[in-house]
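> From the sequence below, what's the structure:
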Amino acid sequence: MEKVKIGDKELFYDIQEILPINTHVLRIVFANSLPASYGDITTYTAGGIEGVTLTGYDTVYRDEGKTVYLSNDKSVYIPVETSTGPMDPPEPHSPTMKELKASKLREISAACEKSIYAGVDVNLADGVIEHFSLTEHDQLNLFGKQIQVSAGVEKIEYHSDGMPCRYYNAADMQTIISAAMWHVSYHTTYCNALNIWISGIEQAGDLETISYGVEVPEAYQSDVLKAYFIQKAAMTEGERDETAS
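Down below sits the predicted model:
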């Protein structure tokens with residue numbers, strides 16, 4: 001479930017939906033508790049990856065219980081008087097560049113989380129390839145296994161996807177941990193580059209060219225990401241050599 005944080009407070013609130021209604025009004029559907037006050041809103045994916053910060057939404061435009069409308073221009077909702085005559089249809093909403101960027105950032109963040117959670121294939125010392133998912137729970141488990149390896153434990157219990165728990169020797173366990181850490185760090189670094197790219201977009205149409213998995217323009221590639229690209233190319237080449245042989 002997505003979450004939001006209000007201002008610099010450390011409390012997180014579960015939400016079912018956050019959606020811009022127009023240029024100045026934002027709708028949030030809270031799942032449980034509601035904040036006592038509002039301000040800058042930072043969004044987070046269900047996996048805790050930070051998305052976008054929406055500034056200035058400190059006014060309750062309309063309160064419908066768990067559904068709260070906030071405005072960034074101090075405006076509040078004024079009920080329209082009932083009319084027996086025909087009503088004009090509402091004007092179509094044209095999202096602002098800020099809203100489009102916020103939507104794209106959420107899309108990329110969700111795709112990054114999905115890619116991380118999908119996990120990684122690991123080639124063990126005996127030549128067997130096993131797959132390991134990397135949800136937040138899995139990552140925490142592997143952090144604990146790293147402590148065991150560092151402490152000199154020789155036989156460490158763990159399991160690959162769909163398989164019963166078994167003992168791995170320290171070398172194989174370190175291989176699994178290293179592959180998992182690389183996988184998570186690579187996707188986090190790549191996602192960060194996409195976010196910076198999105199922030200630099202000036203034309204709405206250019207946002208449509210960005211999706212998770214596309215090549216990042218060199219101007220938005222950090223030195224860390226470039227190093228990961230080199231490592232990834234080397235690993236791919238090594239897999240090709242092994243297949244050929």
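> Below-threshold pLDDT in this structure: ranges please.
Applying pLDDT under 70 to the chain flags the ranges 80-93, 238-245.
> Tell me which stretches of it form strands.
Ranges of strands in the chain, per DSSP state E, are 3-6, 12-20, 25-30, 41-44, 50-54, 59-64, 67-71, 120-123, 129-132, 155-158, 166-169.
> Lys101: which of those is closest?
Distance to Lys101, taken as C-beta to C-beta, is lowest for strand 50-54 among the strands of the chain, at 7.3 Å. C-beta coordinates here come from the backbone N, C-alpha and C atoms, glycine included.
> tell me which residues in the closest one are buried?
Neighbour-count burial for strand 50-54, counted by 16 or more other C-beta atoms under 10 Å, picks out 51-52, 54.
> Make CSV out of the strands of the chain and add distance to Leu207.
Converted to CSV, the strands of the chain look like this (distance: least, C-beta to C-beta, whole Å):
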stretch, distance to Leu207
strand 3-6, 23
strand 12-20, 15
strand 25-30, 19
strand 41-44, 17
strand 50-54, 13
strand 59-64, 27
strand 67-71, 24
strand 120-123, 30
strand 129-132, 34
strand 155-158, 41
strand 166-169, 44
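> Of all those, which one comes closest to Ile196?
The closest of the strands of the chain to Ile196 is strand 50-54. By C-beta to C-beta, the value is 12.7 Å.
> strand partners of the closest one, parallel vs antiparallel please.
Strand 50-54 has the following strand partners under DSSP bridges: strand 41-44 (antiparallel).
> Pull the contacting residues for the residue lying closest to Ser115 once chain neighbours are set aside.
Spatial nearest neighbour of Ser115, excluding adjacent residues (C-beta to C-beta, 6 or more residues apart in numbering): His187 at 5.1 Å. The contact partners of His187, taken as C-beta atoms under 8 Å, 6 or more residues apart in numbering, are 112, 115-116.
> Tell me where the longest helix sits in the protein.
If you go by DSSP state H, the chain has its longest helix at helix 170-200.
> for it, the distance to its chain's centre please.
Centroid separation for helix 170-200 versus its chain: 13 Å, with C-alpha atoms, centre = their mean, to the nearest Å.
> Kindly report the same for stretch 120-131.
Taking C-alpha atoms, centre = their mean, one finds stretch 120-131 lying 27 Å from the centre of the chain it belongs to.
> how long is it end to end?
6 Å (C-alpha to C-alpha, to the nearest Å).
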